[in-house]
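S.K.: Build me a structure from this.
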Amino acid sequence: MMEYKHKPRPERLREIIIGQTLVTLLIVAITIYLVFLGLGYKINWTTKSIEHTGILYLSYIPKDANVNISGTDYTKNSPFSVSLLPGDYTAKVSKEGYRDWEHNTKIIADRVISFKNIILFKTDPTAEQITDQDTINSINAPYDILVRNPKGDLDFNDYEIWHGDQLVTRFSTKIHGVIWYPGSEYIAFQQGNQIRVIEKDGSNDTLLITLISDSPTNFIFSWEGSTLLFKDGELYKKAIIN
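M.R.: Take a look at the predicted model:
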């Protein structure tokens, strides 16, 4: 500090001007960078070029799940969006105690790629016995009364599930009791001694609950989808699944 005070005035003035100039240039550079980001541009360090980005949008439950995009972790809550350079990415939503959701996607410049109504299902839900007769009657009611599928909307046979004229998926073992999960983004079915759900595009085939036998059974969901109600052998049960 003493050395600075004894510098000649012109020299001190020159240092001040240089310092102020550097700060100004830094502010201008940051401002330009933020403007570019706001306009949807990013620097592609691989090609050493500035490219227009696309947006990936995810909406999921639980809302505090973690997001990983091709190896990069994010901690923002749902809904989540991020600007990405064009290319192929793997998006994963996860939370301890829940089964992961994962999807490969291609980001295109100036477009929003969205995955809405992502549901993470519990890894090991606890099943409790049901004794309420009204609930039991609901489980036993015919599917065509409870969740009638519009003609041509959801169809299935022993090994296939169809959504309209699109094949959702094909299995090597028989399936039973195909119904919509609330929200019509997932399809539920029984396969062997398991009740499972799959997205309507055929991805993320997920186990919900394991039954005591592989005999075809009845099952339904609560209106908001958080509870699975089902017959397991001679008992009627419910399990919180998300």
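S.K.: does T169 belong to a helix or a strand, and which?
M.R.: strand 166-170 (DSSP states H and E).
S.K.: which outside residues touch stretch 196-208?
M.R.: Stretch 196-208 is touched from outside by 99, 101-103, 121, 125, 161, 163, 167-169, 181, 184-190, 194-195, 228, 239, 241, with contacts defined as C-beta atoms under 8 Å, 6 or more residues apart in numbering. The way it works is simple: take the backbone N, C-alpha and C, and place the C-beta from them, glycine included.
S.K.: Please name the nearest non-neighbouring residue to the residue nearest the centre of the chain.
M.R.: The centroid of the chain falls nearest to I118 when counting by C-alpha atoms, centre = their mean (4.0 Å). Excluding the flanking residues, the one nearest I118 by C-beta to C-beta, 6 or more residues apart in numbering is Y60, at 3.8 Å.
S.K.: same check, this time on L84
M.R.: Take L84 and drop its neighbours on the chain: the residue closest to it by C-beta to C-beta, 6+ apart is I107, 4.7 Å away.
S.K.: I'd guessed the residue nearest to I118 sits against E102; true?
M.R.: No: counting by C-beta atoms under 8 Å, Y60 sits too far from E102 to count as a contact (12.0 Å).
S.K.: list the residues that contact both of those two?
M.R.: When contacts are counted by C-beta under 8 Å, 6+ apart, Y60 and E102 are jointly contacted by V93.
S.K.: one step back: strands paired with the strand holding T169, and their directions?
M.R.: Here strand 166-170 is paired, per DSSP bridges, with strand 160-163 (antiparallel).
S.K.: Any buried residues in the strand it pairs with, and which?
M.R.: Going by neighbour count (16 or more other C-beta atoms under 10 Å), the buried part of strand 160-163 is 161-163.
S.K.: Then stretch 162-182?
M.R.: When burial is assessed from 16+ other C-beta under 10 Å, stretch 162-182 yields the following buried residues: 162-163, 168-169, 175-182.
S.K.: ok, the residues you listed vs S215, which is closest?
M.R.: Proximity of the buried residues of stretch 162-182 to S215 (C-beta to C-beta) peaks at H176, which lies at 9.1 Å.
S.K.: who touches the helix or strand containing the closest one?
M.R.: Using DSSP H and E, H176 maps to strand 175-180. Outside strand 175-180, the residues that touch it by C-beta under 8 Å, 6+ apart are 143, 147, 149, 154, 156, 158-159, 161, 186-191, 216-220.
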